[in-house]
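Asker: sequence-free structure coming up:
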């Protein structure tokens, strides 16, 4: 088993990791289910459910009429405060999804859509942190 496969095998429910598509899109993902062969994660900001191959860390994900080939590129453990901020962002965007599902005409108020200073700090942190802590490619 390669080093990369061994690291991917350790991903557990509630872990947060980063995945990137070769064309550029990046997703910060919250693990919601792990099986022997797959990792199911929710993209924090878009709320997309993305299923990754647990051995390779890859996913062919279709969204908005496009196909994204995400690859898990960092699983570095976030500092606790940043982890909590990412969870708060996940709750914020999931709550919006629920409200929209209940009422398709619902639109967030400016206050609801605005990020807090802490949430901005968390997103800026992960933008630097994950590239600095890449997952081995072997």
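Answerer: Nice, I can see it. Because the structure is predicted, anything quoted here is derived from the model rather than measured.
Asker: residue 14: what's it in contact with?
Answerer: Residue 14 sits next to 30-31 when contact means C-beta atoms under 8 Å, 6 or more residues apart in numbering. Every C-beta, even on glycine, is put in place using the N, C-alpha and C of the backbone.
Asker: check which helix or strand it maps to.
Answerer: Assigned by DSSP states H and E, residue 14 belongs to neither a helix nor a strand.
Asker: repeat for the one 3 residues further on
Answerer: Assigned by DSSP H and E, residue 17 belongs to strand 16-21.
Asker: can you tell me what sits against that strand?
Answerer: Here strand 16-21 makes contact (C-beta under 8 Å, 6+ apart) with 11, 26-31, 41, 44, 50, 52, 57, 59, 68-75, 78, 83, 86, 126, 130.
Asker: okay, and which of the residues you listed map to helices?
Answerer: Counting by DSSP state H, the contacts of strand 16-21 place 83, 86, 126, 130 in helices.
Asker: what bridges to the closest residue to the third one other than its chain neighbours?
Answerer: Right, the one you point to is residue 126. Among residues not flanking residue 126 along the chain, residue 28 sits closest, at 5.8 Å (C-beta to C-beta, 6 or more residues apart in numbering). Bridge pairing for residue 28 (DSSP bridges) gives the partners residue 18.
Asker: all strands of the chain, in order?
Answerer: In the chain, the segments counted as strands under DSSP state E are 16-21, 26-34, 38-43, 49-53, 58-63, 66-74.
Asker: now the helix or strand of the chain with the lowest mean pLDDT, how far from the chain's geometric center?
Answerer: Of all helical and strand segments in the chain, the minimum by mean pLDDT, DSSP states H and E falls on helix 110-113, at a mean of 86. Computed by C-alpha atoms, centre = their mean, to the nearest Å, the chain-centroid distance of helix 110-113 equals 22 Å.
Asker: what's in contact with that helix?
Answerer: Helix 110-113 has contacts (C-beta under 8 Å, 6+ apart) with residue 96.
Asker: closest to the centroid, which residue in this protein?
Answerer: By C-alpha atoms, centre = their mean, the chain has its centre lying nearest to residue 29, at 1.4 Å.
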